[in-house]
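S.K.: Give me the fold of what follows.
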Amino acid sequence: MSPTELLGPDGEPWTPPTTQELLSRGAAPVKREYLRPLRPIAELSKPTAAAAEDGGNGTTPGVRGSEHGTDKNRTGKSRRQQQKEKQASRTTGGELCTAFVKGICNYPNCRYSHDVDLYISAKQGDLPGTCLFIAGGRSICPHGVMCRYFSSHPVAAAADAESGDAGLKPSVSAEATATMAAKKLTEDRDGVLELPAPTRKILDEINGLEGDLKLRLRKGKVRFDKADALLAELGVKTSWRYSDDGNDDDRKKKGGGNKGGVKGGTSDADWGKDSVEVGGLSGSANGGTAADTERDSGNSRVEGGGKRRKAEDGSGIAAGVEEDVANKAEGVDVRLRFKEKKLIDFRGKLYLAPLTTVGNLPFRRVCKGYGVDITCGEMAMCTNLLQGHAAEWALLRRHPSEDIFGIQVCGGYSDSVSRCAQLLEDEVASKGGIDFVDINMGCPIDLVCNKGAGSMLLEKPARMEQIVRASAPLLSCALTLKTRMGYYDNKKVAHDIIPKMKNWGLAGMTLHGRSRQQRYSRSADWAYVKECADKSPIQLIGNGDIFSYHDYAENVENSGVATCMIARGALIKPWIFTEIKEKRDWDISATERLDMLKEFCAFGLEHWGSDARGVASVRRFLLEWLSFLCRYVPVGLLEVLPVGIHQRPPSYVGRNDLETLLSSNQAEDWVKISTMLLGPPPENFTFQPKHKSNAYSKESEAGAEQLDYGEVQG
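M.R.: Numbering: from 1, shown residues only. Next comes the predicted model:
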C-alpha cells in the first residue's frame, strides 16, 4: 500500500502533508514517503486485559495512567499495596539481606531473608553475558548471589581463597545451583541483547558520602566556623546549633526530634549544646522559615533563623564591610585570593548542562564518549546536603573520565549556601573531587521558587550578591552561577545585574535566554544573551535551544559568549557534541543508537549495581531518557536541514524496523526497548515519565500557567 492509499484515524483515505504544510504546523519536514497517519483513536484508548487486571484504569501494560490514589513515586500502586508487596517479598525470599550476602550482617533478628536457596528459587533468571564487575577486573562481584549475572561468576570458594574477602560467605547449595541452571535454560531470553563488557579495568567513582560524615551531619557535629566568621563580616545574624555528642535525650529536652543541624529554615528543632551566633544585631534569632520573608524597613528573615542587615544603599552588604571580602585574612586562616584559585577557561569548551533526573552519571559518561568537555552533576539542594541526605550526596558522584567536572547547588539564603560551600570545600574540593561549583539561580519550578531560591532570586539581586560573597571566599575552586533573563516576561533584569558581578568573586556565569514565566513557550532570546555578554565583566555562557552545529555557529561563534551550555539538545541527540566539533549533520544509524543504549545500560549497572534493584534503577532512568530520544528525527528522513528543537516530529516510519521503534512516542514501546537490553520487567511493572519531554511551545497568554513538573531543569 502506498502512502497515498493509507487510511487516517477517522478511516478516510489519508494524503501525506507537504513540506510547507509540516513547517507551517511547527513540525519537522520529514520526506513524504516516510510519513504515516496517526494511529486510530480507538486503538490508542482501548483498555487491555493486563490493564484491567492492574486496576481497570484502561492503561497500557507497563504504563501508568494519571489516576488518583497512587503514590508520589509514580508506581501506580497505593502505599498500602506497596507495603504488602514489600513484606511478602521478605517472607518469600524476594529480598535477601545485602549485609548477609557480604558476610557482615550482625542482626540476630534481621527482618530480611537469609535463605539463599529460597532467594534463588524466587529470583528472576540471569541476563545473558558476563558480569561487568568480573569482566572489569574484580575478583569478586560486590552483589554476590544477588547479581543478575551470577551464573557467569567464578566459583565462590575459589574467589574467596584468592582474595581473602568475605564477599561471598553465604554458600549456595547444589539444589539452588541446579535451579539457577534450569532457569537459565528454560526462561525465555530470546531478543535480550548482551551488553558490552568493559574493555578496561573498572574505575571507582569519587565524591561518595562516608558513613562517619553522614552521621556527624545528622547529629549536628560538623562545625562551620569559617562560614560563620564570613557571615559575621557580611552582617548576617544567624543562629546555628551544634551538638557535642548528639544525645537523643538532649535533643528531646531541647524540643526537637529532627536530625538535621539546621535551625529555622530547614529544621523544626532547636537542639544541641553549643550555640553560635554571628552578627551583633539585637532581636530574636529564633523562629522563621526559609519561605517566610519579612519585608519590613530594616530586617529580613534569613534561612538560619536570624536576620540580615540591609545597607542604606540597598546592596544587601552591611555598612562598613570591605567590598573585597575575598582578600581579607584573619590569623593563620588565610583565604585564597581570586587569582590564586583554580579557575576554568570556558572558552570554546562544550558544556553539558546539569539535568534533573536524566543528567545522571551514566548519561554523562555517554556524552563524554561523544566529545563533551565539561560536565556537571544534577542540582542538589544545600539544606539536604547539610543534613547528610544520602540521595542528595549521590548527585555529587564523579567518574574519573569526567576531566572537568562541577556540581550544582541551590539555595535561597546566604547562611545555608555559605555553610554548604565550606562543607563542599572541606569534603570534596580540597580532595580534588570537583573543579567548580555552580549555584542555580534560575530554576523555575514552584517548589524551589516558593522557598526563595532559583529564579525567585532575580527579584532580589541584593540577595544574589550576598549569597555569592558568602560562598566564593570559602572555595578553592571556581564558583559560577546560572540564571535567566528575568522572572517575568516584561521585566528583564539580567542586563542590569551582570555588570555588577565584577567584584563578587565569580569565575563565570550562565544565562538562559528565557524568563521564568516564559518557560518553553517561545524560543530562547539569543539577541538578549549577546547583549548581556557585551556588558559582562566575567565569562558568560549562553544557554537555550542549541540543537545542531548550525545553532552553535549562529549563536556562539563570534558572539561574545565564552561557550554554550547544552541541555535538551544533548538529551535528544547526545552526539550533538561530535556534530559541533566536526561541523556536520550526522545521519546516525539505528544500530549505532542501539549500541549507545547498550553502553548506557552497561555504565548504569556499574553505577547502580547489577542486582535486581540496580537493574530496576537502570531500567527506570533508561525509560526516562527514551522519552526524549524518541524526538530525534534521522537526518536521512528530512527534506530540509537544519531542524530546530521546537519542531515536533510528525508520525513517520523509519528506514528499518529498529529505527521505527526508536522513533515511537508510546511508553509501551520504550518498555519493549528496555526489555531488549535488560530482560523482561517484573510483573505488574508500570512507568510514567517524570518529565514532560514533549515540552514544545505551550499555548498560554501569560506563560505563567506552564507545567512545572516535568520540564528538564538545566
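S.K.: Please make it C-alpha for all contacts and neighbour counts, starting now.
M.R.: Fine.
S.K.: In the protein, mark out all the strands, start to finish.
M.R.: Using DSSP state E, the strands found in the chain span residues 236-242, 274-278, 299-301, 307-309, 351-352, 374-376, 380-381, 404-410, 436-440, 478-484, 508-512, 539-543, 563-566.
S.K.: Tell me how far stretch 657-677 lies from the chain's centre.
M.R.: Relative to the centre of its chain, stretch 657-677 is centred 23 Å away, using Cα atoms, centre = their mean, to the nearest Å.
S.K.: buried ones in that stretch?
M.R.: Applying a neighbour-count criterion of 16 or more other Cα atoms under 10 Å, one finds 658-659, 661-665, 667-677 buried in stretch 657-677.
S.K.: Including mean neighbour count, could the strands of the chain go into a markdown table?
M.R.: Below are the strands of the chain laid out as a markdown table (neighbours: other Cα atoms under 10 Å):
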| stretch | mean neighbour count |
| --- | --- |
| strand 236-242 | 26 |
| strand 274-278 | 16 |
| strand 299-301 | 19 |
| strand 307-309 | 23 |
| strand 351-352 | 24 |
| strand 374-376 | 25 |
| strand 380-381 | 22 |
| strand 404-410 | 23 |
| strand 436-440 | 25 |
| strand 478-484 | 24 |
| strand 508-512 | 25 |
| strand 539-543 | 26 |
| strand 563-566 | 26 |
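S.K.: Ile344: which of those strands is closest?
M.R.: With Cα to Cα as the measure, strand 478-484 is the member of those nearest Ile344 (6.9 Å).
S.K.: how far is the closest one from where the chain is centred?
M.R.: 17 Å.
S.K.: Strand partners (parallel or antiparallel) of it?
M.R.: strand 436-440 (parallel), strand 508-512 (parallel) (DSSP bridges).
S.K.: nearest to Phe100, of these?
M.R.: Closest of the strands paired with strand 478-484 to Phe100 is strand 436-440, at 38.8 Å (criterion: Cα to Cα).
S.K.: tilt between that closest one and strand 404-410?
M.R.: Compare the direction of strand 436-440 with that of strand 404-410 by axes from the mean of the first three to the mean of the last three Cα atoms, to 10 degrees and you get 30 degrees.
S.K.: From the rest of the structure, what touches strand 436-440?
M.R.: If you take Cα atoms under 8 Å, 6 or more residues apart in numbering as the criterion, strand 436-440 is touched by 343-344, 379, 405-411, 454, 477-483.
S.K.: try it again with 6 Å
M.R.: 406-410, 454, 477-482 (Cα atoms under 6 Å, 6 or more residues apart in numbering).
S.K.: List the single closest residue to Cys105 in space, sequence neighbours excluded.
M.R.: Ala99 (4.7 Å; Cα to Cα, 6 or more residues apart in numbering).
S.K.: again with Lys535
M.R.: Nearest to Lys535 is Pro499, by Cα to Cα, 6+ apart, at 5.9 Å.
S.K.: Touching, the one you found and Gln539? I think so.
M.R.: No. With contact defined as Cα atoms under 6 Å, Pro499 and Gln539 do not form a contacting pair (11.5 Å).
S.K.: of all the strands paired with strand 478-484, which lies closest to Tyr119?
M.R.: So among the strands paired with strand 478-484, strand 436-440 is nearest, using Cα to Cα, at 44.1 Å.
S.K.: mind saving the C-alpha coords of the closest one as CSV?
M.R.: Output of strand 436-440 as CSV, limited to C-alpha atoms (Å, rounded to 0.1, in the frame of the first residue of the first chain):
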residue,chain,number,x,y,z
PHE,A,436,33.9,24.2,40.1
VAL,A,437,30.7,24.9,42.0
ASP,A,438,27.6,26.3,40.2
ILE,A,439,24.8,28.0,42.1
ASN,A,440,21.4,27.6,40.4
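S.K.: Tyr242 versus Gly129, what's the distance?
M.R.: To Tyr242, Gly129 is 52 Å away according to Cα to Cα, to the nearest Å.
S.K.: Likewise for Gly505?
M.R.: From Gly505 to Tyr242 the distance is 29 Å (Cα to Cα).
S.K.: do Pro17 as well
M.R.: 68 Å.
S.K.: cool, Gly144 as well?
M.R.: From Gly144 to Tyr242 the distance is 41 Å (Cα to Cα).
S.K.: Can you give the contact residues for stretch 466-477?
M.R.: 326, 341-342, 414, 418, 421-422, 425, 435-436, 504-505.
S.K.: pLDDT (mean, whole number) over it?
M.R.: What stretch 466-477 shows for mean pLDDT is 96.
S.K.: Next: stretch 589-603.
M.R.: Stretch 589-603 comes out at a mean pLDDT of 97.
S.K.: Ok, stretch 425-432 next?
M.R.: Stretch 425-432 comes out at a mean pLDDT of 95.
S.K.: which residue ranges form the helices in the stretch 351-500 of the chain?
M.R.: 361-369, 382-386, 390-393, 414-427, 446-449, 461-469, 494-497 (DSSP state H, counting those that start in this stretch).
S.K.: could the ones you listed be laid out in a markdown table, adding distance to Thr563 and mean neighbour count?
M.R.: Below are the helices of the stretch 351-500 of the chain laid out as a markdown table (distance: least, Cα to Cα, whole Å; neighbours: other Cα atoms under 10 Å):
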| stretch | distance to Thr563 | mean neighbour count |
| --- | --- | --- |
| helix 361-369 | 17 | 22 |
| helix 382-386 | 27 | 23 |
| helix 390-393 | 28 | 16 |
| helix 414-427 | 26 | 24 |
| helix 446-449 | 27 | 17 |
| helix 461-469 | 22 | 22 |
| helix 494-497 | 18 | 17 |
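S.K.: Using JSON lines, please lay out the ones you listed together with distance to Val222.
M.R.: Below are the helices of the stretch 351-500 of the chain laid out as JSON lines (distance: least, Cα to Cα, whole Å):
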{"stretch": "helix 361-369", "distance to Val222": "28"}
{"stretch": "helix 382-386", "distance to Val222": "9"}
{"stretch": "helix 390-393", "distance to Val222": "16"}
{"stretch": "helix 414-427", "distance to Val222": "9"}
{"stretch": "helix 446-449", "distance to Val222": "26"}
{"stretch": "helix 461-469", "distance to Val222": "21"}
{"stretch": "helix 494-497", "distance to Val222": "35"}
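S.K.: weakest of those in terms of mean pLDDT?
M.R.: Among these, helix 446-449 carries the lowest mean pLDDT (a mean of 92).
S.K.: Check what contacts that helix and list those residues.
M.R.: Met456.
S.K.: next one: it to chain centre, how far?
M.R.: Offset of helix 446-449 from its chain centre (Cα atoms, centre = their mean): 16 Å.
S.K.: now stretch 517-530
M.R.: 23 Å.
S.K.: just to revisit the earlier point, which among the contacts of stretch 466-477 gets closest to Lys123?
M.R.: Asp435 (42.5 Å).
S.K.: Tell me how far the closest one lies from Gly388.
M.R.: 22 Å.
S.K.: Ok, Tyr242 next?
M.R.: 15 Å.
S.K.: now do Leu479
M.R.: Counting by Cα to Cα - Leu479 and Gly388 are separated by 22 Å.
S.K.: Could you tell me the end-to-end distance of stretch 96-116?
M.R.: End-to-end for stretch 96-116, by Cα to Cα: 7 Å.
S.K.: Excluding chain neighbours, give the residue nearest to Ala590 in space.
M.R.: Ala590 sits nearest to Glu659 (Cα to Cα, 6+ apart), 5.1 Å away.
S.K.: Report pLDDT for that neighbour.
M.R.: Reported pLDDT for Glu659: 97.
S.K.: What of the one 3 residues further on?
M.R.: You'll see Leu662 listed with a pLDDT of 96.
S.K.: Could you shift the numbering so residue one becomes 389, and keep it that way?
M.R.: Okay, using 389 as the starting number, the last item reads as Leu1050.
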